[in-house]
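Next input, structure requested:
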Amino acid sequence: MARPRTVHRCSECGGSTPRWAGRCPSCGSWGTLVEERVERSTPAGSGEPASAPVPLADIELGSAEPVPTGVDELDRVLGGGLVPGSVSLLGGEPGIGKSTLLLQALGSLAGRGARCLLVSAEESGPQVRRRAERLGVARPGVWLVAETALSGIRSAVEQVRPDVVVVDSIQTVWDPELESAPGSVAQVRGCAHELALMARAGGWAAVLVGHVTKEGALAGPRVLEHLVDTVLTFEGDRHHALRLLRTVKHRFGPTGELGLFEMTDAGMQGMPDASGVFLGDRRHG
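Now for the predicted structure:
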């Protein structure tokens, strides 16, 4: 039996090297190389047949139109809403309001007739239900599954057949077939890749919640940002009510938009008058 091959992959840039070193040879980061088992690839020519090429002018644009979430500031930053089959990554510090914002978006989508699935990998069902009751978004169209295994998420998607899936968070999802610990480079990259394939094949929009490091960067390998279509950052001071939503990457529109929210007892409230917010404390004259 052949011995399984292992490499050491950088958690910052995703680069690999056959041997461990204190410094990544690709990006120069120190102490970021993690051992990872490499599965043997399928031989060329086997497996499913390749997709047949089609003329670019014959491709229909209807499925690429964004679907509004009903949260005005979020829709403006996304260029109109969530595109079916797309994968978005939302990062931010703990307690900044990522889960609250996405739960409000799911409630608004459900009120418009969409089927929404929330995969809560960090909170229990009663915790999410209490927050939904406080926000007034506990609607029949929102489904919840408290699951961390990728196989369980796949089963829930097959049962609900949703239009939008939110995974909170991607760092806690793990695939039993990958021989590595949950939260490792291999698990985060592998689970995100599988969820992206599922979303594109099923035509539903996926939103992945990501953790951030103490420097404010998204935790996990940088290849995670390359796998998704949109990267959003949710910023702000936990001791202040103002929240800022920015787009770092967006394949379906510009990245210069800025969304402003205020954290209230009723959830995230949009603040469309940005100039009034930033100039409110200006001295007269």
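
Which stretches in this protein count as strands?
Taking DSSP state E, the strands of the chain run over residues 5-10, 16-17, 33-38, 87-92, 116-120, 142-145, 164-168, 205-210, 230-236, 242-250, 258-264, 267-270.

Give me the sheet partners of the second one and which way each runs.
Meaning strand 16-17. strand 5-10 (antiparallel) (DSSP bridges).

before we move on, the earlier item: quickly, which of the strands of the chain bottoms out on average pLDDT?
The minimum mean pLDDT among the strands of the chain belongs to strand 33-38 (a mean of 76).

got the angle for it vs strand 5-10?
Relative orientation of strand 33-38 versus strand 5-10 (axes from the mean of the first three to the mean of the last three C-alpha atoms, to 10 degrees): 140 degrees.

which residue is nearest the middle of this protein?
By C-alpha atoms, centre = their mean, the chain has its centre lying nearest to Leu208, at 2.0 Å.

Contacts only, for that one.
87-90, 167, 169-170, 192, 195, 228 (C-beta atoms under 8 Å, 6 or more residues apart in numbering). Using the backbone N, CA and C atoms, a C-beta is placed for each residue, glycine as well.

for Ser124, what are its contacts?
Ala146.

Kindly report the same for Thr247.
Counted by C-beta under 8 Å, 6+ apart, Thr247 has contacts 77-78, 230-232, 253-257.

one more time with 10 Å, if that's ok
77-79, 88, 230-233, 253-259 (C-beta atoms under 10 Å, 6 or more residues apart in numbering).

Tell me the one of those nearest Leu56?
Gly253 (20.2 Å; C-beta to C-beta).

Excluding chain neighbours, what is closest to the closest one?
Excluding its sequence neighbours, the residue lying closest to Gly253 (C-beta to C-beta, 6 or more residues apart in numbering) is Gly79, at 2.8 Å.

quick one: the one you found and Gly190, what's the gap?
As defined by C-beta to C-beta, to the nearest Å, Gly79 lies at a distance of 29 Å from Gly190.

More neighbours: which of the two?
When Gly79 and Gly190 are compared for neighbours, Gly190 comes out ahead with 20 against 17, by other C-beta atoms under 10 Å.

my guess is the more buried one contacts Asp175, does it?
Yes: here Gly190 reaches Asp175: they are 5.5 Å apart, a contact under C-beta atoms under 10 Å.

Please name the residues that touch Leu74.
Going by C-beta under 10 Å, 6+ apart, Leu74 touches 68, 81-82, 90, 101-102, 104-105, 108, 232, 245, 259, 261, 268, 270.

List the contacts of stretch 15-32.
With C-beta under 10 Å, 6+ apart, stretch 15-32 has contacts from 5-14, 33-36, 38, 185, 221-223.

hmm, 6 Å instead?
By C-beta atoms under 6 Å, 6 or more residues apart in numbering, the surrounding residues in contact with stretch 15-32 are 7-13, 33.

Show me which of those residues is closest to Ala64.
For the contacts of stretch 15-32, the nearest to Ala64 is Cys13 (30.3 Å; C-beta to C-beta).

what's the closest one sitting at in phi/psi?
In terms of degrees, to the nearest 10, the main-chain angles of Cys13 are phi -110, psi -10.

Per-residue confidence, it, what does it come out as?
pLDDT for Cys13: 73.

which residue sits closest to it, ignoring its sequence neighbours?
Cys13 sits nearest to Cys27 (C-beta to C-beta, 6+ apart), 4.0 Å away.

Going by neighbour count, which of the contacts of stretch 15-32 are buried?
Neighbour-count burial within the contacts of stretch 15-32 applies to 7-13, 33; the criterion is 16 or more other C-beta atoms under 10 Å.

Pull the most distant pair out of these.
Between any two of those (C-beta to C-beta), the greatest distance is 15.4 Å, for Val7 and Glu12.
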